[in-house]
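> Sequence first, predicted model second:
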Amino acid sequence: MTNCIIGQRSTADPLDHSDVASSTAVLYRDHDPDDLTFRFLPADRIRVPAGKRMAGTWSVDGRPGDWPLGWEVALVVA
């Protein structure tokens, strides 16, 4: 998949500086008028290559959010 970014989910605690690896993430993707088939289902997996930020296998968690500036897909460690 191209034209997307994966990052950590935000935390409610601004002072949470734990060294524990995050088990939740979010994928952001712009709306693409040339790709009308974009969708994710809860059973889908996303693999981020080793050596990249947020590397590992992630699973879609719930229904993706469709926002005016793009998609937001919640992820959990698979």
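Cool, the structure landed.

> who touches residue 43 in this structure?
59, 60 (Cβ atoms under 8 Å, 6 or more residues apart in numbering). Where C-beta positions appear, they are placed from N, C-alpha and C, glycine not excepted.

> From residue 68, how far out is it?
Distance of residue 43 to residue 68, computed by Cβ to Cβ, to the nearest Å: 27 Å.

> next one: residue 57
Counting by Cβ to Cβ, the gap from residue 57 to residue 68 is 30 Å.

> ok, those two, which is more surrounded?
Neighbour count, other Cβ atoms under 10 Å: between residue 57 and residue 68, residue 57 has more, with 11 against 5.

> isn't that one right next to residue 45, touching?
Yes. In this structure residue 57 lies within contact range of residue 45 using Cβ atoms under 8 Å: 5.7 Å.

> and for the two, which residues touch both?
Overlap of the contact sets of residue 57 and residue 45 (by Cβ under 8 Å, 6+ apart) consists of residue 78.
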